[in-house]
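Chemist: Below is the structure, and that's it, no one-letter string:
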């Protein structure tokens, strides 16, 4: 007979140990599966993964850059999740933010000075993302419309709007893509720190992490978010205006997603495609959840997921497997991490059947 | 004006994967499980069918001489087994381990889409062809067999009888599940589990069993949607990522139909029509507008979502405990 009961708060060290165990177990399973498909010895598979993530200076920079962007999106979703508002619309909010900054670069690239264009970009991207998240939040606050599905649908609306503008602005006509915007003048490109292409993004996101941590844990707003997340009725009783908290928090959430779009378009790629967010809106949900919505821990969980993705990508290229192999491995690892949460929240005791019979 | 005789059969063919997906998801959601892994499950269902029929076709010297019965049975069985395994995984994580359903679902979608594209890509490499697709023409021909008199009935035949058997299976499943959900004891108990598991538990209903059966059945039905797409709609040609975002559209349909499988039949045809409308609306040189037309199914879903929450009628709401895990001792 298996007996399950809820645990009291587990000490942090013990909880971390359980999670680490799950990751190790997941890596073993991943190694076994890779060996099954490639016939390689597992050690060289892990070697290839580490090489893919940390192999050269360039690879490390890419790893950090990818981690920074993913972390930025996860930070954006966190305040909403703490409120138990399932914002699955990160993808769309990033796209709209990216589109807004691309629009500024294209429309004002030749008429306004560089500094003004960058300022406009920042404002527009943040505003666009905020508006995109505000729409579902407004309906949730007023009429309790299901936000999970609403935000999900907004992603595809955003994708089609971006597809529309890509055709409007495509260069050359008929190519179906925009190409690098303002390649010769570099107007509207976020400045580069020294010779490091990605350093600005990384610094900005690091700053954002600290700000978000403070906002959530030490501000009145952060407290209100937690109360609404625990129980909307309690919040109402305590005099918190729940609908206002929902709308305000989602404005913030969308704004940061829009900012991530700005980093991608203005700071990294200098172009826009419909796939520019690359599923980060969804991956970030898992990053935030794995970290139990704690911004500090999120640094680690986003690094883990990016490491897995990059490592698996390296395995695929080295051994001629297809790129999607990375998704399979990421999926397996996620299943393990998702599953192990159970053993942190609950205690499982195995009892012999005979004993149970005498008890009854 | 739009050529309806050409438009309707294409809209219907487009709608069948959506109908399978949304019927499966409705059954799942009625048990209180919000399975966002459906897009992944549909990929897995599709690729498992492809693997099965690929192995069968390549085991024969001449694929055109294949046993028609086996040609259908093998892919369908593989597809059902693959999607069943996905369903079991989801249930194990969310029911037994009480994991968060949204996160589990998203992880399943990542995994399933990766699984489909990986094995698709590997099979393509096996065939050594120059084009990045797997072609299963012989199997597809069997799947696409229509009634013998369909061709001789003109426009009527084209609109009603020009589809492969899986299309009719989809409609039959939707009608059957509508009947079971609304008219039988099993359906009543299933709805009770989705609305209020604690009460259902007190009434002696086995929550775990209902959740497992509903979710696994839902996944198997959704998986058939993936199979239909490859074998019938795409003429047996698998290419990576071709299935696209139809899985999410199927989830959108669930809301659009307000959790009713019988409504899903006309609604999925409407969605199928909206999905391809851009091909039939003359836009001349302006290609960009077509992209905006592709937005229609999603915008319509949002409008329905908003209106059903505005009217706030009790029978039009999602199952009360949708997305929440159930733990008996958690009161």
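Modeler: Yep, it's here. The structure displayed is predicted, hence computed values, not measured ones.
Chemist: residue contacts, the residue in the stretch 1-150 of chain A positioned nearest to chain B?
Modeler: Residue nearest to chain B within the stretch 1-150 of chain A: residue A:145 (4.1 Å; C-beta to the nearest C-beta). For every residue, glycine as well, the C-beta is placed using N, CA and C. Residues in contact with residue A:145 (C-beta atoms under 8 Å, 6 or more residues apart in numbering or on different chains) are A:136, A:139, B:305-306, B:309.
Chemist: so what's residue B:115 up against?
Modeler: With contact taken as C-beta under 8 Å, 6+ apart, residue B:115 is in contact with A:324, A:327-328, A:331, B:40, B:43-44, B:47.
Chemist: From the contacts of residue A:145, keep the buried residues only.
Modeler: Using 16 or more other C-beta atoms under 10 Å in any protein chain shown as the burial test, the contacts of residue A:145 include A:136, A:139, B:305-306, B:309 as buried.
Chemist: Can you pull the residues of the stretch 151-300 of chain A lying near chain B?
Modeler: Within reach of chain B by C-beta under 8 Å from any C-beta of the partner chain, the stretch 151-300 of chain A has these residues: A:152-154, A:156-157, A:160-161, A:163-165, A:167-168, A:279, A:282-283, A:285-286, A:289.
Chemist: what's the burial count for residue 82?
Modeler: Defaulting to chain A. 20 (other C-beta atoms under 10 Å in any protein chain shown).
Chemist: my question was about chain B
Modeler: For residue B:82, the neighbour count with other C-beta under 10 Å is 28.
Chemist: part of a strand, is it?
Modeler: No. Counting by DSSP: H, G, I helix; E, B strand; the rest coil, residue B:82 falls outside a strand, being helix.
Chemist: is it true that it touches residue B:47?
Modeler: Yes. Using C-beta atoms under 8 Å, residue B:82 is in contact with residue B:47, at 7.5 Å.
Chemist: In the stretch 151-300 of chain B, what residue spans correspond to helices?
Modeler: Here the stretch 151-300 of chain B has its helices, by DSSP state H, counting those that start in this stretch, at B:154-160, B:165-183, B:185-195, B:197-202, B:207-228, B:246-256, B:261-280, B:288-293, B:296-311.
Chemist: Now do the second one: which elements does it pack against?
Modeler: Going back to what we said before, that points to helix B:165-183. Applying 3 or more C-beta pairs under 8 Å, 6 or more residues apart in numbering or on different chains; DSSP states H and E, one finds that helix B:165-183 contacts helix B:4-30, helix B:185-195, helix B:207-228, helix B:261-280.
Chemist: Give me the buried positions along the second one.
Modeler: Of the residues in helix B:185-195, those scored as buried under the neighbour-count criterion (16+ other C-beta under 10 Å) are B:187, B:189-195.
Chemist: which residues make contact with that helix from outside it?
Modeler: If you take C-beta under 8 Å, 6+ apart as the criterion, helix B:185-195 is touched by B:27, B:29-32, B:179-181, B:199-200, B:203, B:205, B:207, B:210-211, B:214, B:319-322.
Chemist: any idea of the angle it forms with helix B:4-30?
Modeler: Between the axes of helix B:185-195 and helix B:4-30, defined by axes from the mean of the first three to the mean of the last three C-alpha atoms, to 10 degrees, the angle is 70 degrees.
Chemist: Next: the third one.
Modeler: With the same axes, to 10 degrees as the criterion, the two stretches helix B:207-228 and helix B:4-30 enclose an angle of 160 degrees.
Chemist: Roughly how far does residue B:209 sit from residue B:189?
Modeler: Taken as C-beta to C-beta, to the nearest Å, the spacing of residue B:209 relative to residue B:189 amounts to 10 Å.
Chemist: isn't residue A:255 right next to residue A:126, touching?
Modeler: Yes. Using C-beta under 8 Å, residue A:255 makes contact with residue A:126 at a distance of 4.7 Å.
Chemist: residues contacting residue A:111?
Modeler: By C-beta under 8 Å, 6+ apart, residue A:111 has no neighbours at all.
Chemist: Go over the secondary structure and confirm it is in a helix.
Modeler: No. Assigned with three-state DSSP, residue A:111 falls outside any helix and is coil.
Chemist: before we move on, back to that, for ChimeraX, write a command that selects the buried ones of the contacts of helix B:185-195.
Modeler: Only the buried entries of the contacts of helix B:185-195 go into this ChimeraX selection, using 16+ other C-beta under 10 Å:
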select /B:27,29,30,31,32,180,181,200,205,207,210,211,214,319,321,322
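Chemist: Check for me that residue B:36 belongs to a strand.
Modeler: No. Counting by three-state DSSP, residue B:36 is not part of a strand but coil.
Chemist: Tell me, how many residues neighbour it?
Modeler: Neighbours of residue B:36 (other C-beta under 10 Å): 28.
Chemist: Can you pull the phi/psi pair for it?
Modeler: phi -80, psi 10 (degrees, to the nearest 10).
Chemist: Chain neighbours aside, what residue packs nearest to it?
Modeler: Nearest residue to residue B:36, sequence neighbours excluded (C-beta to C-beta, 6 or more residues apart in numbering or on different chains): residue B:105, at 2.9 Å.
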